[in-house]
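In: Sequence and predicted structure below; questions after.
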Amino acid sequence: MLTVKESQQRFIRLLLFFIVITLPWIAGGIYIHNNYNIPESGNVRLVNYRVDTVPKVDHSKFKILQQKFETPQQVTEACLSCHNKTDHEVMATSHWKWTRPYVTEDGDTIELGKKNIINNFCIGVSSNEPLCTSCHAGYGWKNKNFDFSISKNIDCIVCHDQTGTYKKFPGKAGLPVDKKTVFNGKTFLPPDYNKIATNVGMPKRQNCGSCHYTGGGGNNVKHGDLELALNKTNRKVDVHMGIDGANMSCVECHKTNEHKISGKLYTVSSQNKDRVSCEQCHTPAPHNSSILNSHTDRVACQTCHIPEYAKVNPTKMYWDWSTAGKRNPDGSLIVKKDSLGHLKYHSKKGTFVYETNVKPEYVWFNGKARHYLIGEKIDTSEVLALNRLQGSYADNSSKIIPVKVHRGKQIYDAVNRYLIVPHLFGKDSTAFWKNFDWDKAARTGMASIGLPYSGKYSFISTEMYWPVNHMVAPREESLSCIECHSRNSRLSAINDFYLPGRDYNSYLDLAGKLMILLSLIGVAIHATLRIVKSN
Amino acid sequence: MKRKTYIYRRFERFWHWNQALLILFLALTGFEIHSSYSLFGYQRAVVMHNVAAWALLVLIVFAIFWHFVTGEWKQYIPTTKYIKAQVEYYITGIFKGAPHPTNKTVYDKFNPLQRLIYLGLKLFVIPVQVATGFIYLFYIYPDNPAHSFDLTNVATIHTLGAFMLLSFVIAHVYLTTTGETPFSSIKAMITGWEVVDVDENEERIKHLHKAVEDSVAGYYRLDKEGKITDVNDAWLKMYRCKDKNNIIGKHFSVTRDEKHIADLENLVKRVLSGETITGMPVVRKCFDGSTGKHILSANPVVENGEIAGVEGFVLDIDEKEGLSDHVYYTVRNSAAGYYRLDEKGNLADVNDAWLKYYKYDSKDEVLGKHFSVTREGEELKKLQDIFDKVMSGETVTGVISERKCKDGTTGRHILSANPITVGNKIVGMEGFILDITELESDM
């Protein structure tokens, strides 16, 4: 028998042993608590961030700007009389040329861009110029004969107007109205050029947004992450542009040098150049957690920090041209809207799907895009990607980025097997939006780009990739691990690598669970037998 | 024979429990990372899994070091011997109340199945988990530009390892209940003490070794040339030699004065030719020049089948009454007898010489019996006194006792007795006896 003293000693010894075992666990717990404080806290660290400033000049004092301007070109000439080298800067940019150099698979460098690219919205510029070019930073691009070397046709004020009164008119090849015009219920007034010319400055959101918000013929139709609501928004929609957030203008990120504005969208560009990146201010290692920082090599910031786009107004996700042209028995146009008031069908355009608060899709991207080129043969058995974003897991320069994928059906030449640029807009008898005749529209459109049209057309499913870069959410709304690291991962489409939490070997998991179950059953049976037999 | 024994040392228990907790914790967080459930939150699970992985690695490094330093790694050397018996025991024997087919001792803690499974864990599953884990953690991480293969295989192997470890834990925990009592094994892993079989041979060697070290009987060993290679403390005390280094390597002749050297030389020669000398009274020359008398035993040291030296015991008889010089020279008896008693006074071990003195045929006849079977009357009282003294920490030497043999006859011997200690606790008594019966009768 143990004496009291002995049992006390034994108790103390066991207690010590228990403490020695638990101490490392307590230490580990404290270590984790101190070093991995979740969620991320502290201020956002920024590098290289500064707001560009230009010398303040009171333009109203310049005599040349006090003249009575009749046309916008006169304004441009006045601008260039002082800024006498700026026209060359502007005319070298893609805002003017609507093209950039593009290296084809054969290694040839061609000029490719908005000017000659095919999309699955209004398809192509050629033969539709006056409408499309109402967003050109110039005046008078009515047809393919536009002379890109005449500097007075540069539109300076669309970017530099500070009054907010300057508006280009849809269908007038980049020109504003010269008399009061009502269009689609909106009234367009001739601009007060004198007032505008004496009130110029660094581009504001409204200047950029006047074109970039409304591409595709309406607010937020194309991008999904760029829309009118951003002119005055809150940080929940966009931490950078929110009035209660950083309240930044576009050009604070899109740094500009000699009128070359950094940043571009891969729907119209293709090379890994002149990109705007989050890292330029936020560094590649912006998190407190080293685990999160290690992600940034292969996961773009946008992937986690833009959980959804089209947060205010809807964006177009689907456009089926093949149903266009139907009309009511009385010949009037059919216009259908869904319960939320989003356009569902329009005789001129076909069937649409609009969505709000859209979760992006995700793709690998190394900064290069492969575009469908005019005249290229298509494989009609599969969906045609108009701007395939390049990259893969195996390519170490690729990152996972969020994209809006705009899907649709559009017209192609069934014999020649290439996409058709239809003539949609115009006052002539072949324009589709006048006569609803695909054959005529195709014939005129194809003639304008100098390609044969067989006379037989059909419709093919296409998709376009729109990288999502704006509407960055506040930190607390960024994606948590399990959005990707889970069985129903957001990255389910990117399956060229093993993603912890998402991927597993189903046979192994089954076998493993079975093994554990059998162990438990075996133990239970064995124990039961032992008890039964011992009685 | 079973005895409560200190079987799991401190570090071993610390390592075992922390490894157990870490493996369970790694499984808990690991399967969350595997999306089997959500518990801590993915990020927290990843962080904790990584920290626990480092902790386990450190623990494993220490454990490897410990296993090699203590020689405990030998416990894991696999054997096929009894493996079938062990399997049969778990499948059938255990239900019939059959005994465990193998003995658990301090020197052989694991049964053959345990050896095999634990070795497999140590050499295969855990290294594979550590290796795949660190490849997972460092090589195939989003920010490592050098990695050249996909995570799939690494992750699959890592998951497989986790399932195997979990199944092991289930079986392991269950099998701990198959010990003496359902919780005795777990208790042993907490306290370190367990009732286990005693390995007779190992025990004997250990005890004899210790007995020789602590004994009041002097021990010596000579090489073939007659040089002294080892003595114990009792020997040094008897020869009044303060430093062991003064005697090691010297020729045995320094231990006799001139007139006795020839006798000793003769004795050593006989032993080297294979003879065993028992109970020879001799006169020694001490280091301070004085002389003393003792009874000596000597037997050949056999190494690799050849006689390599001489060893034996000496028991001091200087102060013993009733023994004249003449008596010592005519003594004829057998080798030194060894005995060991447990704390209750029961015989725990004896050697062959002891059995011969007491005229027993086999150890089994006496082991476990109380020492009272070896004495009668006054002699029993005397032995009881000695036992009590020794159990309270004293050492007794050179006591002449009259023993009671198995057949009822008596004999006389000189006895030494010293306590056996484990830690600070006296757990028994042991000592040597040298027979002097013939010597007496000659008298």
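Out: Okay, I see it. Here the structure is a predicted model, which is why all the values come from computation and not from measurement.
In: For residue A:62, which residues are in contact?
Out: A:82, A:198 (Cβ atoms under 8 Å, 6 or more residues apart in numbering or on different chains). C-beta here means a position set from N, CA and C on the backbone, and glycine is covered the same way.
In: Quickly list what residue A:463 is bridged to.
Out: The partner list for residue A:463 in beta bridges (DSSP bridges) reads residue A:385, residue A:407.
In: OK, contacts around it?
Out: With Cβ under 8 Å, 6+ apart, residue A:463 has these contacts: A:120, A:383, A:384, A:385, A:386, A:405, A:406, A:407, A:408.
In: from those residues, which is closest to chain B?
Out: When these are compared for distance to chain B, the smallest value, 23.9 Å, is given by residue A:405; criterion: Cβ to the nearest Cβ.
In: Secondary structure of the closest one: a helix, I assume?
Out: No. Using DSSP: H, G, I helix; E, B strand; the rest coil, the secondary structure at residue A:405 is strand, not a helix.
In: Distance check, it against residue A:395.
Out: Applying Cβ to Cβ, to the nearest Å, one obtains 20 Å for the distance of residue A:405 from residue A:395.
In: quick one, which of those two is more surrounded?
Out: Taking neighbours as other Cβ atoms under 10 Å in any protein chain shown, residue A:405 and residue A:395 compare with residue A:405 leading, 16 against 13.
In: Could you verify my assumption that the more buried one touches residue A:464?
Out: Yes. Counting by Cβ atoms under 8 Å, a contact exists between residue A:405 and residue A:464, whose distance comes to 7.1 Å.
In: Going C-terminal from the helix or strand harbouring residue A:362, what's the next secondary structure element?
Out: Mapping residue A:362 onto the secondary structure by DSSP states H and E places it in strand A:361-365. Beyond strand A:361-365 on the C-terminal side, the first helix or strand identified by DSSP H and E is strand A:369-371.
In: In that next one, which of the residues would be classed as buried?
Out: By 16 or more other Cβ atoms under 10 Å in any protein chain shown, the buried positions in strand A:369-371 come out as A:369, A:370, A:371.
In: Show me what it is in contact with.
Out: Strand A:369-371 has contacts (Cβ under 8 Å, 6+ apart) with A:102, A:105, A:112, A:117, A:266, A:269-270, A:385-390, A:465.
In: Show me which helix runs longest in the chain.
Out: No chain in the question, so chain A it is. Secondary structure assigned by DSSP state H gives helix A:4-35 as the longest helix of chain A.
In: think we crossed wires, I meant chain B
Out: helix B:42-70.
In: Look at the residue of chain B most remote from its centre and give its secondary structure.
Out: Taking Cα atoms, centre = their mean as the measure, the residue most remote from the mean C-alpha position of chain B is residue B:145, 56.1 Å away. When states are read from three-state DSSP, the local structure at residue B:145 comes out as coil.
In: any idea what sits nearest it, other than its immediate chain neighbours?
Out: Distances taken as Cβ to Cβ, 6 or more residues apart in numbering or on different chains put residue A:396 closest to residue B:145, at 5.4 Å, once the chain neighbours are dropped.
In: Verify the stated contact: the one you found with residue B:143.
Out: No. In this structure, residue A:396 is not within contact of residue B:143 by Cβ under 8 Å, at 10.6 Å.
In: By mean pLDDT, flag the weakest helix or strand of the chain.
Out: By default, I'm working from chain A. Ranking every helix and strand in chain A by mean pLDDT, DSSP states H and E puts helix A:4-35 at the bottom, with a mean of 85.
In: meant chain B, my bad for not saying
Out: Using mean pLDDT, DSSP H and E, the lowest element in chain B is helix B:325-330, with a mean of 38.
In: on that earlier part again, list just the nearest of the contacts of strand A:369-371 to residue B:361.
Out: Closest to residue B:361 out of the contacts of strand A:369-371 is residue A:390 (94.3 Å), distances taken as Cβ to Cβ.
In: Surely residue B:285 is in contact with residue B:258?
Out: No. Using Cβ under 8 Å, residue B:285 makes no contact with residue B:258, being 9.2 Å away.
In: Which stretches in chain B count as helices?
Out: Defined through DSSP H, the helices belonging to chain B, from first to last, are B:10-33, B:42-70, B:83-91, B:112-120, B:126-134, B:152-175, B:184-191, B:200-214, B:233-238, B:258-272, B:325-330, B:352-358, B:377-391, B:437-442.
In: same deal with the stretch 51-200 of chain A?
Out: A:72-82, A:86-91, A:94-97, A:129-132, A:157-160, A:193-197 (DSSP state H, counting those that start in this stretch).
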